[in-house]
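1. Here is a sequence together with a model predicted from it:
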Amino acid sequence: MPHRTLAPVFAGLRAGLHALFGGLLALVVVRVLLTDGPVLALVLAGLLGLTYLAGLVLARSAARRAAGAPVTASPATGRRGTARSSRAGVAWLAALTVVWAALVWLVPEAAYLVFPLFFLYLH
């Protein structure tokens with residue numbers, strides 16, 4: 001199958017991943033509110049959500065820049081300039097993982113967030 005015919009499928013999977021992450025994060029927040037959990041758990045849930053959104057915004061802006069700019073190799077390395085975006089992606093995943101781990105320590109239901117995180121790791 002050509003890549004163009006699969007684009008709507010990938011867009012749907014990506015939207016589903018974002019919805020799953022948002023829904024599970026909302027579940028964690030509701031659980032904290034219903035059980036009078038620690039305020040730190042709400043702060044960490046907010047931080048996790050903001051970190052996730054920041055990564056989405058940065059990835060979208062990088063994709064737009066890449067779509068509009070010609071692909072050129074670096075004269076020094078011969079690579080195509082993906083090292084910076086790759087390092088930023090790894091840093092984003094590391095930040096998500098650290099905040100998620102702290103949240104799991106406070107709210108065990110946050111462990112369910114590992115499923116969308118797993119798909120982010122695979123991507």
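-> That came in fine, so what should we check first? Numbers count the residues shown, from 1 in each chain.
2. hey, where'd the helices end up in the chain?
-> 3-34, 39-68, 83-106, 114-122 (DSSP state H).
3. Let me have these in a markdown table, extended by mean pLDDT and mean neighbour count.
-> Heads up, the C-betas are built off the backbone N, CA and C, glycines and all. Formatted as a markdown table, the helices of the chain follow (pLDDT from 0 to 100; neighbours: other CB atoms under 10 Å):
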| stretch | mean pLDDT | mean neighbour count |
| --- | --- | --- |
| helix 3-34 | 91 | 13 |
| helix 39-68 | 90 | 14 |
| helix 83-106 | 91 | 15 |
| helix 114-122 | 93 | 14 |
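4. Point to the residue nearest the middle of the protein.
-> For the chain, Tyr52 is the residue whose C-alpha lies nearest the centre (CA atoms, centre = their mean; 4.5 Å).
5. show me the contacts for that residue.
-> Residues counted as contacts of Tyr52 (CB atoms under 8 Å, 6 or more residues apart in numbering) are 21, 25, 96.
6. I'd assumed Tyr121 was in contact with the last one.
-> No: taking contacts as CB atoms under 8 Å, Leu96 lies outside contact range of Tyr121: 9.6 Å.
7. Tell me how far Ala66 lies from Arg60.
-> Separation of Ala66 from Arg60 (CB to CB, to the nearest Å): 11 Å.
8. my bad, Phe21
-> From Phe21 to Arg60 the distance is 16 Å (CB to CB).
9. Could you do Val99 as well?
-> 21 Å.
10. List every C-alpha atom in stretch 33-50, with coordinates, as CSV.
-> The C-alpha coordinates for stretch 33-50 follow below in CSV (Å, rounded to 0.1, in the frame of the first residue of the first chain):
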residue,chain,number,x,y,z
LEU,A,33,-10.4,14.2,44.0
LEU,A,34,-12.8,11.5,45.1
THR,A,35,-10.3,10.0,47.6
ASP,A,36,-9.0,13.3,48.9
GLY,A,37,-5.6,12.4,47.7
PRO,A,38,-2.6,14.6,48.1
VAL,A,39,-2.4,18.0,46.4
LEU,A,40,1.0,17.0,45.0
ALA,A,41,-0.7,14.4,43.0
LEU,A,42,-2.9,17.0,41.3
VAL,A,43,0.2,19.1,40.7
LEU,A,44,2.0,16.2,39.1
ALA,A,45,-1.0,15.3,37.0
GLY,A,46,-1.2,18.8,35.7
LEU,A,47,2.6,18.8,35.1
LEU,A,48,2.3,15.5,33.2
GLY,A,49,-0.5,16.9,31.1
LEU,A,50,1.4,20.1,30.3
